[in-house]
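Trainee: output the structure for:
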Amino acid sequence: MTILACSIVLVAYGLNALNVEPGLFSLTIKSRPASFGEALYAVPNQKFLLLVTVGEEDQSNIEAKTVAITATSPGCEVTVYPQAISPGQVGEVTVIPNEGQVGKNVTVTIQGERGGISQTETLTFEVIEEEERESTLGPAAILMRDKFVQWFALEHQEFAITNETVWTGTVVNPLVLVVMHYMFLSEDWEMYVTWHVMIPPYDWSRVYLRPRYNAAAPTYAFEISSIQGQAEPQAIEIPDWV
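Mentor: Now for the predicted structure:
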């Protein structure tokens, strides 16, 4: 199976493409986490997260202003934070579909604007019903998350992740079986948790950490090689698909 990240690169062009005018910018949109296959899926009342970054087309334009980001999706709850970003910053667009959209395709429209120059693009995902899995996936994901959190509090105090850290969770990659997927967000971190539903020694769990608002992909990855074997977390390489 080919694993693809949903990534759209948009560039706002002026009348003369050979001579870049001040104010032109690029806009990149990426789904979090990466999707499996070409289609994107979401679950009602769960977060569908998109990351937005910008780049300067004129590299000499060191005094460029921020790009304002807006997003809409009919029938969905949509939030954008922060609402203006500069190169090196990451904006988050969170879309929450409702139960009435199950079985339908939902379109998200995202726009970047600066100095009268704007770029608009749309992205579509399908909403599917996963009620039974939702009710069991969240509690299991919390157990997996907390095994790493306790270790981070002792071994990686630079993360400032402790048992007191407040998280909100959401279902991601809902159609993937055997390997479970879930994502947690704190004020500072995105923690993407996966685990393998098997007997020891193949009952591993992994987490991928992304610092929110200044990275568009995870910067740390850790694995517990066997949950029932109570193995200690170890740092691992970050796979390309994450």
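
Trainee: low-confidence ranges, the chain, go.
Mentor: Where the chain drops to pLDDT under 70, the residues are 1-23, 35-37, 58-64, 131-134.

Trainee: could you chop it up by domain?
Mentor: Segmentation of the chain into domains, based on automatic domain parsing, reads 3-127, 131-235.

Trainee: now these in TSV, with distance to residue 241?
Mentor: All C-beta spots, glycine's among them, are computed from the backbone N, C-alpha and C. Formatted as TSV, these follow (distance: least, Cβ to Cβ, whole Å):
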stretch	distance to residue 241
domain 3-127	4
domain 131-235	10
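
Trainee: please work out how many residues are found near residue 241.
Mentor: Residue 241 has 12 neighbouring residues, counting by other Cβ atoms under 10 Å.

Trainee: hang on, it packs against residue 173?
Mentor: No - between residue 241 and residue 173 there is no contact under Cβ atoms under 8 Å: 10.7 Å.

Trainee: name the nearest residue to residue 88, sequence neighbours excluded.
Mentor: Excluding the flanking residues, the one nearest residue 88 by Cβ to Cβ, 6 or more residues apart in numbering is residue 214, at 6.9 Å.

Trainee: got the contact list for that neighbour?
Mentor: Counting by Cβ atoms under 8 Å, 6 or more residues apart in numbering, residue 214 touches 88, 89, 90.

Trainee: also residue 181?
Mentor: Residue 181 sits in contact with 33, 171, 172, 173, 174, 192, 193, 194, where contact means Cβ under 8 Å, 6+ apart.

Trainee: and if we set it to 6 Å?
Mentor: By Cβ atoms under 6 Å, 6 or more residues apart in numbering, residue 181 lies in contact with 172, 173, 194.

Trainee: again, but for residue 200
Mentor: 226, 228, 229 are the contacts of residue 200 under Cβ under 6 Å, 6+ apart.

Trainee: point to the residue nearest the middle of the protein.
Mentor: The residue lying closest to the centre of the chain (Cα atoms, centre = their mean) is residue 32, at 2.4 Å.

Trainee: which non-adjacent residue is nearest that residue?
Mentor: residue 49 is the one closest to residue 32 (Cβ to Cβ, 6+ apart), at 4.5 Å.

Trainee: dihedrals phi and psi, residue 107?
Mentor: Main-chain torsions, residue 107, degrees, to the nearest 10: phi -110, psi 130.

Trainee: ok, the residue nearest to residue 32 - how many residues close by?
Mentor: Neighbour tally, residue 49, other Cβ under 10 Å: 19.

Trainee: tell me what it is bridged to.
Mentor: Beta-bridge pairing for residue 49 (DSSP bridges): residue 32, residue 94.

Trainee: same check on residue 121?
Mentor: The partner residues for residue 121, given DSSP bridges, come to residue 110.

Trainee: how much space between it and residue 224?
Mentor: According to Cβ to Cβ, to the nearest Å, residue 121 stands 39 Å off from residue 224.

Trainee: between those two, who's got more neighbours?
Mentor: residue 224 (21 against 14).

Trainee: excluding chain neighbours, what is closest to that one?
Mentor: residue 205 is the one closest to residue 224 (Cβ to Cβ, 6+ apart), at 4.8 Å.

Trainee: show me what contacts that neighbour?
Mentor: Counting by Cβ under 6 Å, 6+ apart, residue 205 has contacts 144, 195, 224, 227.

Trainee: how close does it get to residue 146?
Mentor: On the measure of Cβ to Cβ, residue 205 and residue 146 end up 11 Å apart.

Trainee: got a list of contacts for whichever strand or helix holds residue 51?
Mentor: Assigned by DSSP states H and E, residue 51 falls within strand 48-56. Around strand 48-56, the neighbours that count as contacts under Cβ under 6 Å, 6+ apart are 25-32, 42, 64, 67, 69, 85, 87, 90-91, 93-95, 216.

Trainee: in ChimeraX, how would I select the buried members of those?
Mentor: Those of the contacts of strand 48-56 that count as buried under 16 or more other Cβ atoms under 10 Å are selected in ChimeraX with:
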select :25,26,27,28,29,30,31,32,42,64,67,69,85,90,91,93,94,95,216
